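please work out how this folds:
(chains A and B)
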Number of protein chains: 2
Amino acid sequence: MPTPSDLANRQIRLASRPTGLPTRDNWRFTTEAVTEPAEGGVLVKTLYLSLDPAMRGWMNDVKSYIPPVGIGEVMRAGGIGQVIASKNPAFAVGDTVSATLGVQEYALIPQEQHKRSALHKIDLSVGSATQWLNVLGMPGMTGYFGLMDVGQPQPGQTVVVSGAAGAVGQTVGQLAKIKGCRAVGIAGGKAKCDWVVNELGFDACIDYKSGNVREGLKTHCPDGVDVYFDNVGGEILDHVLARITRKARIIICGAISQYNNTAPVQGPKNYLSLLVNRARMEGIVVFDYADRYHLAVAEMAGYLKDGRMKSKEDVVEGLDTFPETLLKLFNGENFGKLVLQVAA
Amino acid sequence: MPTPSDLANRQIRLASRPTGLPTRDNWRFTTEAVTEPAEGGVLVKTLYLSLDPAMRGWMNDVKSYIPPVGIGEVMRAGGIGQVIASKNPAFAVGDTVSATLGVQEYALIPQEQHKRSALHKIDLSVGSATQWLNVLGMPGMTGYFGLMDVGQPQPGQTVVVSGAAGAVGQTVGQLAKIKGCRAVGIAGGKAKCDWVVNELGFDACIDYKSGNVREGLKTHCPDGVDVYFDNVGGEILDHVLARITRKARIIICGAISQYNNTAPVQGPKNYLSLLVNRARMEGIVVFDYADRYHLAVAEMAGYLKDGRMKSKEDVVEGLDTFPETLLKLFNGENFGKLVLQVAA
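This is a model prediction of the structure:
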């Protein structure tokens, strides 16, 4: 293994804030020398990076649940890597870790940033590296706590999830089935819908690209929608609002249809259905559940092991492809959790 | 007292469904003979009718928490009246009652409709007839259960209520103060705002007609908005969404700004603030709390008695004025709970 000083660290930094979809011009490619960790720190070689819709929000200069990425900073990204140098007794060279690594080949994480970076060891006997970015990672935790804590699904109820073939969506639908619910997905394209039904075991999946979502909900949710896990916002949210049951719960996890808007966000014009149905719409941010991740991971690992849950990742190779690979999220091209493989 | 057969019952019926604001053409005035109640029934002389924003919704032919008023039917309205004939041992001639009387001078309520009409005796020693339509009636119950059950205000938190000088708004703000919260109203015009602050004891009131709601919220809710009780929807809801705190609760009670829309309802374009703030937006329909009304009435009657709560009604005389009086709700002319006095 080379010493850190032999290594060059290729990085992708935010050059400017995009209007609409980010383009290559919004990024700047830099190369820096890798330095040894100071006392308490670790140096991590990036293996896989998680590409998520939320990244688009971090590129805007607006107050949110997390500060925006600054101009000139390495783009924020969670990932899986391998410790290649350590001055911390809790981490040994060779350990596989999960952390906010950033879009770069090497991440030097000083001790004082371990907590903020969510640096922790992961056990590859429980799940693969990419599964640790998917069902066992942030998307899985988001789906788990959003569905269970906010959605509170009861056996026999109907759970609808948009972005059903995506990272969060696949967790939500499969978990809903495990908990005894009817699971109906909404996804783009026949291939995704077929996969969601045939491979993941959803009861139905509505293709918003070819079908009529309103009619699809009528057909597949004859008793209405008790829980809606919303990843997309926009018109689909309005169609579901028109079909909710009394005391329904809507989990607002994201609104990918609106993230690259240059116009104002489209508010749900059917929101008064909340009144008529005494229903609830509630936002979720996964970080709030950090102290219970280990419980959810243990439960989900059990489902992976006994085959009741599948974890599909869409892995694209090469740090340099980052600008274009990220866009797959927004044009709906990704099929499963989108992962960027940076090193083998 | 004349016998029923001597009496003519003037009524106002829904003639056609309005587009936008209802006009006199949407109503039909009829006069019918009054008939004796059958076994178990009562005949009630209408004294006061409650005019409420929700009435506008009942005029539309859409599925809601209650069926629409049919074309040709007497317009639905709750009210206070006096029993003038009774074939039911539970009600004596002279009793003052609250019930869904309809916009008419006399209501014949057969026994099988007592429950659906929410017919019950009221005690005028606890509050006046008009207070029984306000703080002790549906608006008071709506404010009470919306704020306490859905809003769950904690002492020291900031509660904002729109339509602050209206029936529900005055209850919500005064109750928030009693529960140890900071109460900030939003109302139209200086007179209403002054009254809300000086007479009802709100901490502040933002005049949406002359002021800037966004700036007003900044000034008067320096720590953000923990609970928002929304009676109006539209832009004001968006302004508040931009100022909510983490884990805030928004009670959707109505959206008077949208009821006479001929365009689609304006959805809250800042709804993603629910996500960022892990906040909740939830609808309330007062009827769900019917089995606890007596508890809330007892509590509120205590506040009326010890002077901690005031109950202001805007009483307009004359059944015939109904079409125009109703419009006061929608142009913001009413000052306090709007009541139509039908008889003395």
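
now do the contacts for residue A:100.
Neighbouring residues of residue A:100 by C-beta atoms under 8 Å, 6 or more residues apart in numbering or on different chains: A:76, A:77, A:78, A:79, A:116, A:117, A:118. The C-beta positions use only the backbone N, C-alpha and C, and glycine is treated the same way.

buried subset of those residues?
Buried members of the contacts of residue A:100, counted by 16 or more other C-beta atoms under 10 Å in any protein chain shown: A:76, A:77, A:78, A:79, A:117, A:118.

can you list the strands that the helix or strand hosting the fourth one pairs with?
Read it as residue A:79. Using DSSP states H and E, residue A:79 sits within strand A:78-86. Note on strand A:78-86: by DSSP bridges, its sheet partners are strand A:42-50 (antiparallel), strand A:96-100 (antiparallel).

okay, the shortest one in PDB with CA atoms only?
Put plainly, it is strand A:96-100. Extracted as PDB, the C-alpha positions of strand A:96-100 are listed here (Å, rounded to 0.1, in the frame of the first residue of the first chain):
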ATOM      1  CA  THR A  96     -14.600  -0.500   6.000                       C
ATOM      2  CA  VAL A  97     -16.400   2.700   7.000                       C
ATOM      3  CA  SER A  98     -19.400   4.800   6.200                       C
ATOM      4  CA  ALA A  99     -19.000   8.600   6.400                       C
ATOM      5  CA  THR A 100     -19.700  11.800   4.600                       C
END
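
helix or strand for residue A:186, which one?
Counting by DSSP H and E, residue A:186 is found in strand A:182-187.

repeat that for residue A:173.
Going by DSSP H and E, residue A:173 is part of helix A:167-178.

just residue A:28 next, same as before
strand A:27-33.

interface residues of chain A facing chain B?
For chain A, the residues in contact with chain B (C-beta under 8 Å from any C-beta of the partner chain) are A:63-65, A:233, A:238, A:252-255, A:258, A:264-285, A:288.

on that earlier part again, list the contacts of the strand holding residue A:186.
A:156-166, A:169, A:172-174, A:176-177, A:193, A:196-197, A:201-208, A:213, A:216-217, A:220-221, A:225, A:232, A:236.

please export the C-alpha coordinates of stretch A:131-142 as CSV.
The C-alpha coordinates for stretch A:131-142 follow below in CSV (Å, rounded to 0.1, in the frame of the first residue of the first chain):
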residue,chain,number,x,y,z
GLN,A,131,-26.3,-2.3,0.4
TRP,A,132,-24.9,-0.2,3.2
LEU,A,133,-25.6,2.8,1.0
ASN,A,134,-29.1,1.6,0.2
VAL,A,135,-31.4,-0.5,2.4
LEU,A,136,-28.9,-0.4,5.3
GLY,A,137,-27.9,3.2,4.7
MET,A,138,-29.5,6.6,4.6
PRO,A,139,-32.3,5.7,2.1
GLY,A,140,-33.2,2.6,4.1
MET,A,141,-33.2,4.5,7.3
THR,A,142,-35.3,7.2,5.7
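
and for that stretch, what's in contact with it?
A:48, A:50, A:52, A:78-80, A:98, A:122, A:124, A:126-127, A:166-168, A:170-171, A:253, A:284, A:286, A:289, A:293, A:296-297, A:300-301, A:304, A:309, A:311-313, A:336-337, A:339.

one more: stretch A:151-161?
Against stretch A:151-161 from outside (C-beta under 8 Å, 6+ apart): A:147, A:168-169, A:172-173, A:176, A:179-186, A:217, A:221, A:223-229, A:231, A:240, A:245, A:249, A:251.

so the residue of the stretch 201-344 of chain A found nearest chain B, which state does it fall into?
For the stretch 201-344 of chain A and chain B, the shortest gap (C-beta to the nearest C-beta) falls at residue A:267, measuring 3.0 Å. Three-state call for residue A:267 (DSSP: H, G, I helix; E, B strand; the rest coil): coil.

just the helices in the stretch 1-150 of chain A please.
A:54-58, A:138-145 (DSSP state H, counting those that start in this stretch).

in stretch A:257-265, what counts as buried?
Quick answer for stretch A:257-265 (16+ other C-beta under 10 Å): A:257, A:258, A:259, A:260, A:265.

which two of these have the greatest separation?
A:260 and A:265 (11.2 Å; C-beta to C-beta).

can you work out which residues contact both of those two?
Overlap of the contact sets of residue A:260 and residue A:265 (by C-beta under 8 Å, 6+ apart) is empty.

re earlier: just the contacts of residue A:100 now: which is nearest chain B?
Looking across the contacts of residue A:100 and measuring by C-beta to the nearest C-beta, the closest to chain B is residue A:76, at 16.5 Å.

contact partners for that closest one?
Per C-beta under 8 Å, 6+ apart, neighbours of residue A:76: A:55, A:58, A:69, A:100, A:102, A:103.

burial of the last one, as a residue count?
Number of residues near residue A:103 (other C-beta atoms under 10 Å in any protein chain shown) recorded here: 28.

how about it, what does it touch?
A:11, A:12, A:49, A:74, A:75, A:76, A:77, A:319, A:322, A:340.

quick check: which element contains the last one?
Yep, that's residue A:340 we're talking about. Going by DSSP H and E, residue A:340 is part of strand A:337-341.

got the angle between that strand and helix A:138-145?
160 degrees (axes from the mean of the first three to the mean of the last three C-alpha atoms, to 10 degrees).

picking up where we left off before, just send the contacts of residue A:103 back as CSV, with distance to residue A:328 too.
Formatted as CSV, those follow (distance: C-beta to C-beta, whole Å):
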residue, distance to residue A:328
A:11, 21
A:12, 16
A:49, 13
A:74, 21
A:75, 16
A:76, 18
A:77, 15
A:319, 16
A:322, 11
A:340, 10
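
in strands, which of these fall?
Among the contacts of residue A:103, the members falling in strands (DSSP state E) are A:11, A:12, A:49, A:340.

beta partners for the third one?
For residue A:49, the beta-bridge partners under DSSP bridges are residue A:79, residue A:340.

what about it, neighbour count?
Applying other C-beta under 10 Å, we find 27 other residues in the vicinity of residue A:49.

which helix or strand lies directly C-terminal to the strand holding residue A:186?
Defined by DSSP H and E, the subsequent element after strand A:182-187 is helix A:190-198.

show me what contacts the spatially closest residue to residue A:201 that is not a sequence neighbour?
Spatial nearest neighbour of residue A:201, chain neighbours left out: residue A:177 (5.5 Å); criterion: C-beta to C-beta, 6 or more residues apart in numbering or on different chains. Contact analysis of residue A:177 by C-beta under 8 Å, 6+ apart lists A:183, A:201, A:202, A:203.

these two touch, right, the last one and residue A:220?
This points to residue A:203. Yes. The criterion here is C-beta atoms under 8 Å, and residue A:203 meets it with residue A:220 at 7.1 Å.

before we move on, the earlier item: can you tell me which of the contacts of stretch A:131-142 are classed as buried?
Using 16+ other C-beta under 10 Å, the buried members of these are A:48, A:50, A:52, A:78-80, A:98, A:122, A:126-127, A:166-168, A:170-171, A:253, A:284, A:286, A:289, A:293, A:296-297, A:300-301, A:304, A:309, A:311-313, A:336-337, A:339.

and the pLDDT at the residue positioned nearest the centre of chain A?
Note on chain A: the residue nearest the mean C-alpha position is residue A:139, at 3.9 Å, using C-alpha atoms, centre = their mean. At residue A:139, the predicted lDDT confidence score is 92.
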